[in-house]
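S.K.: Give me a model of this one.
(one chain, ligands or ions: 1)
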Amino acid sequence: MTSPRTSIHGEWSSRMAFVLAATGSAVGLGNIWRFPYITGDNGGGAFVIVYLICILAIGLPIMTAEILLGRRGRQSPINSMRSLAKEEGCHKAWQGLGWMGVVGGFMILSFYSVVAGWTLAYVFRTGSGTFVNATADGVSYIFDQFVSDPERLLAWHTIFMAMSIVVVSRGVSHGLEKAVRYLMPTLFVLLIGMVFYAMSTSGFSLALDYLFTPDFSKLTTSSILTAMGQAFFSLSLGMGAIMIYGSYLPRDVSIPRTAVIVAGMDTLVALLAGLAIFPIVFAYNLEPAQSAGLVFKVLPIAFGEMPGGTLFGTTFFLLLVFAAWTSAISLLEPVVAWLVENHGMTRVMASAWSGLTAWLLGVASLLSLNIWSAYTLFGRNIFGLLEDLTTNIMLPLGGVLIAVFVGWKMRRKSSKHEMDIEGDHIVYNLWIFLIRYVSPLAVAIVLLKVSGLLDWITQLLK
Ligand code: TRP
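M.R.: Down below sits the predicted model:
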C-alpha cells in the first residue's frame, strides 16, 4: 500500500470548496448554451430522456472514477496516470490517457473561449439597450451580423482567454476557489428568475410538452451519440479536468457523495436553462432548431420586453460569462499543472503559454464562422469539427478508458481504500458494475453504430 501523496499545487480548503469548483467546472456554456441548442436540434423530449439516462448510468459513475484517480494520483493527469499505472502493475501506455486529456482540453478550450466571447459581447449589447423592444427577426439579424465579423469575435475571444489565464496563474486557493464561491449561487438564483418569467409567457405549457413528452420517433442514432457526448461535456468528464480538481481534494471527503452533488447541480442547471429558453421560443413562434445561435437569438427577445429587462439581461449574460470562466479554467489547469511539474515553469508562465496556444487554435475556429466558412470537412467547418470531434468522440473515449482503468485494472483494494470502504458495500458494488460493464458497453455500441461499423458487423454475422 502506498502512502497517501499530497499535491505540490495545494489543496481545496474544504469539501465545499471542491464541490463549488467542480460544479463551477461542470456548469458552463455546456448547460446554458449547448444543452438547449442541441435539444432543439434533436427534437426535444426523447433526446432529454436519453441525456438523463446517460448522466445517471454513464456520467455519474465515471465522474466518481475520475475524482478517485485524481485524488489517488495527486498530480497532473499525465503524471497521475503514470504513477497509478505503475502502482497497479499496468502498462505505461495508460499515461496516454493523460495526454489525450491535455490535447482534448486544448481543443475544447479553443472553441469554448470563442463562444464565451459571444457572451461577453452580449453583456454590453444588452447593457446598452440594443434589444429594447427588438423584434425576433431583429435579434436574429444582430447575432448573424455579429458572428460574421471576425474582428469583433477576435477581440472578445482574446479578452476571455486573458481572463482565464489570469485566474489559473493565481493558483488553486487564490484563483480558482475565490472565483466560484459567490458566482455560482448568484447564477442559480438568476436562472430561476428567468424560469419564472418564462412561466408567465404563453409558451410555457408548449415548452413543458416539448421538453418532457418524449416522441421516440424523432430519435436518431446520431442524436443518441449527441446526448451521450453532451453528458460527458456537461460534466467535464474524460479530459482530466475533474481528475486534476480531484487531486486537490482533501483526504476525508466522500467521493461518491460529492459526485452525486456535482452531477445533480449540473443537470438541474441544464434543465432550468431549457425551461427558461423554450417557453420564449414557443411564445414567439420561433423554430427550436436554431443550432449554436439559439440562446443568443431567443433570450434577448425576452430581455427587450420584460420590465427591467436591460438590467436583468445584462446580469444574466454577465453570470454566463462567469459560468464559462469557471469552466475554462478547469480546461487549462491540467496542462498548467503538468508544465509546472515536469518543466519547472512557474505557474504564471505555464498559464500564459498554454492559454496562448489554445487562443491560436481558437482564432482558426472563429475565422471558420466567417471568412473561412467555405473550408469544410464532413460538412463541418473548423469550429464544428472541433466541437464534434472532442465532444462526441474524444470525451466518451477518455471517459471509457477511465472506467476501464478503474474498473478492470486497478485493484479492488486500492479503489476501496480511496473510497474509504471496507468489505461488501452496495454503493461500491453498483458503481463497479456500472463502470466495468455498463459504461464501456454503452459507449462502444454507440460509437460503433454511428461509425457504421455495427451495421457492417451485423451484416457479416447474417
Ligand atoms: N463542463 C463545461 C460546460 O458544461 C465545459 C468543460 C469544462 C469541459 N471542463 C471540461 C468539458 C472538461 C469537457 C472536459 O460548459
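S.K.: residue ranges with poor pLDDT in the protein?
M.R.: Within the chain, the segments meeting pLDDT under 70 span 1-4, 172-177, 179.
S.K.: can you pull the contacts of whichever residue of it sits closest to the ligand?
M.R.: Going by Cβ to the nearest ligand atom, the ligand is nearest to residue 30 of the chain, at 2.1 Å. In short, each C-beta sits where N, CA and C put it, glycine included. Contact partners of residue 30, counting by Cβ atoms under 8 Å, 6 or more residues apart in numbering, are 230, 233-234, 270, 327.
S.K.: among those, who's most crowded?
M.R.: Ranked by the number of neighbours (other Cβ atoms under 10 Å), these place residue 233 first, at 29 neighbours.
S.K.: Settle this for me: it is touching residue 31, isn't it.
M.R.: No: assessed by Cβ atoms under 8 Å, residue 233 is found out of contact with residue 31, at 9.7 Å.
S.K.: how about the residues of the stretch 101-250 of the chain that lie near the ligand?
M.R.: Taking Cβ under 6 Å from any ligand atom as the measure of proximity, the stretch 101-250 of the chain contacts the ligand at 108, 233-234, 236, 239, 241.
S.K.: quick one: residue 132 is in a helix?
M.R.: No: looking at residue 132 with DSSP: H, G, I helix; E, B strand; the rest coil, it is coil, so not inside a helix.
S.K.: So what's the residue count around it?
M.R.: Neighbours of residue 132 under the rule other Cβ under 10 Å: 14.
S.K.: Got phi/psi on it?
M.R.: Torsion angles at residue 132 (phi, psi; degrees, to the nearest 10) stand at phi -60, psi 120.
S.K.: residues touching it, list them.
M.R.: 304, 309-310.
S.K.: Please list only the buried members of these.
M.R.: Among the contacts of residue 132, those classed as buried by 16 or more other Cβ atoms under 10 Å are 304, 309-310.
S.K.: ok, and for the top helix by length along the chain, which residues are buried?
M.R.: Criterion DSSP state H: the longest helix present in the chain is helix 309-343. For helix 309-343, burial by neighbour count (16+ other Cβ under 10 Å) applies to 309-310, 312-341.
S.K.: With stretch 122-135 instead?
M.R.: Buried-residue list, stretch 122-135, by 16+ other Cβ under 10 Å: 122-123, 125-126, 130-131, 134.
S.K.: Now for those residues: which two are most distant?
M.R.: 123 and 134 (16.5 Å; Cβ to Cβ).
S.K.: ok, the closest residue to residue 328 other than its chain neighbours - how many residues close by?
M.R.: In space, and not counting its chain neighbours, residue 328 is closest to residue 164: 4.3 Å by Cβ to Cβ, 6 or more residues apart in numbering. Residues lying near residue 164 (other Cβ under 10 Å) number 29.
S.K.: Check which element follows the particular helix or strand that has residue 164 in it along the chain.
M.R.: In this structure, residue 164 sits in helix 150-169 according to DSSP states H and E. The helix or strand immediately downstream of helix 150-169 is helix 178-199, counting by DSSP H and E.
S.K.: Name the surrounding residues that touch that following helix.
M.R.: Against helix 178-199 from outside (Cβ under 8 Å, 6+ apart): 17, 20-21, 23-24, 27, 32, 167, 204, 207, 269, 272-273, 275-280, 299, 302, 306, 312, 315-316, 319-320, 322-323, 325-326, 329.
S.K.: if you set the cut-off to 6 Å instead, what comes out?
M.R.: 20-21, 23-24, 167, 272, 275-276, 279, 306, 316, 319, 322-323, 326 (Cβ atoms under 6 Å, 6 or more residues apart in numbering).
S.K.: The helix or strand following that helix: how far from the chain's middle?
M.R.: Once the chain leaves helix 178-199, the next helix or strand it forms, by DSSP H and E, is helix 204-212. Helix 204-212 has its C-alpha centroid displaced from the chain centroid by 25 Å (Cα atoms, centre = their mean, to the nearest Å).
S.K.: do the same with stretch 249-260
M.R.: Distance of stretch 249-260 from its chain centroid, counting by Cα atoms, centre = their mean, is 20 Å.
S.K.: what would the residues of the stretch 101-250 of the chain next to the ligand look like in TSV with distance to residue 265 and secondary structure?
M.R.: Shown next, in TSV, are these (distance: Cβ to Cβ, whole Å; DSSP: H, G, I helix; E, B strand; the rest coil):
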residue	distance to residue 265	secondary structure
108	21	helix
233	16	helix
234	11	helix
236	12	coil
239	20	coil
241	16	helix
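S.K.: what residues are up against the residue nearest to residue 328?
M.R.: 328-329, 332.
S.K.: one more time with 7 Å, if that's ok
M.R.: 325, 328-329, 332, 355 (Cβ atoms under 7 Å, 6 or more residues apart in numbering).
S.K.: Quick one: the residues you listed as CSV, columns for distance to residue 54 too.
M.R.: Output for the contacts of residue 164, formatted as CSV (distance: Cβ to Cβ, whole Å):
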residue, distance to residue 54
325, 26
328, 24
329, 25
332, 26
355, 31
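S.K.: circling back: tell me the two of the contacts of helix 178-199 that are most distant?
M.R.: The largest separation in the contacts of helix 178-199, counting by Cβ to Cβ, is between 167 and 279 at 34.2 Å.
S.K.: Can you pick out the residue with more neighbours from these two?
M.R.: Ranked by neighbour count (other Cβ under 10 Å), residue 167 and residue 279 place residue 279 first, with 28 against 21.
S.K.: what about the more buried one, helix or strand, and which?
M.R.: Going by DSSP H and E, residue 279 is in helix 255-283.
S.K.: the inter-axis angle of that helix versus helix 178-199?
M.R.: Here the directions of helix 255-283 and helix 178-199 differ by 40 degrees (axes from the mean of the first three to the mean of the last three Cα atoms, to 10 degrees).
S.K.: is the next helix or strand after helix 255-283 up against the ligand anywhere?
M.R.: Going down the chain from helix 255-283, the next helix or strand is helix 294-305, by DSSP H and E. No: Helix 294-305 stays clear of the ligand (Cβ under 6 Å from any ligand atom), getting no nearer than 12.5 Å.
S.K.: quick one, helix 294-305 and helix 255-283 angle?
M.R.: Angle, helix 294-305 to helix 255-283, by the same axes, to 10 degrees: 60 degrees.
S.K.: List of residues touching helix 294-305?
M.R.: Contacts for helix 294-305 (Cβ under 7 Å, 6+ apart): 32-33, 36-37, 40, 118, 122, 126, 131-134, 136, 139-140, 143, 197, 277, 280-281, 284, 286, 290, 309-310, 312-313.
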